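Asker: give me a 3D structure for the following:
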Amino acid sequence: MKTVLITAFEPFEGEAVNPSWEAVRQLDGRVIGGARIAARQLPVVFGQALERLWQAMDEIQPQRIIAVGQAGGRSDFSVERVAINVDDARIPDNRNNQPVDEPVINEGPAAYFSTLPIKAIVAAVREAGIPASVSQTAGTFVCNHVMYGLLHRLHTRENPARGGFIHIPYLPEQAVNHPGAPSMAAASVIRALEIAIRVSLETERDTRLSGGTLH
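Answerer: Got it, this is the predicted structure:
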């Protein structure tokens, strides 16, 4: 049976929860689209997050890897197109690291494109009545760090697996503490992730801007 590794983060920046983990942990052990789902939590810590991700990839040997993170202020299920080779932290991570203008991977290419079928995922999630879009930036915090490190590992090891990153909004219980901030219910996030998993398994790759690097 195929395996899908799906990761999410611990809470950060004073939040009591991280919506990515609240949703992703509900999928652990389930079978979706003919594949068993393995969920893992990553620390919001530069370096350590990648170590934990790579360890899980080596242990599980998944055919698909979907990393999920919180993007407070965004209003929809945002499927990321590209990760850039920059760590530039607006705030400290959970171990008080705050890199500025540092590479994720020394001597790595400027960017990697997601190898998930990003537009097919967005279309299917929208068809289910859940707001979704392709995002052109994963930021420069630990989310981008993880996406870049994931794609670097797949690219440099010629791994046939495919992977990418998805950002999700605050949960409603978080948004009440951020007046004016949009939110998405956990049930909608879980449904969108189920769809993303199925589509990623059915579709080998986007026909445009997928699987490449930028130098």
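
Asker: count of neighbours near His178?
Answerer: 13 (other C-beta atoms under 10 Å). Placement of C-beta: from N, CA and C, glycine included.

Asker: got it, and Asp87?
Answerer: 23.

Asker: so who does the nearest residue to it once chain neighbours are set aside touch?
Answerer: Excluding the flanking residues, the one nearest Asp87 by C-beta to C-beta, 6 or more residues apart in numbering is Pro99, at 4.2 Å. By C-beta atoms under 8 Å, 6 or more residues apart in numbering, the contact set of Pro99 is Phe46, Asp87, Asp88, Ala89.

Asker: okay, these in TSV with secondary structure and distance to Thr213 next?
Answerer: Converted to TSV, the contacts of Pro99 look like this (DSSP: H, G, I helix; E, B strand; the rest coil; distance: C-beta to C-beta, whole Å):
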residue	secondary structure	distance to Thr213
Phe46	coil	21
Asp87	strand	18
Asp88	coil	20
Ala89	coil	23
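
Asker: now do the longest helix along the chain: which elements does it pack against?
Answerer: Looking across the chain with DSSP state H, the single longest helix is helix 186-202. Counting contacts by 3 or more C-beta pairs under 8 Å, 6 or more residues apart in numbering; DSSP states H and E, helix 186-202 packs against strand 2-9, helix 19-24, strand 31-32, strand 35-42, strand 64-70, strand 77-80, helix 118-127, strand 162-168.

Asker: fine by me, thanks again.
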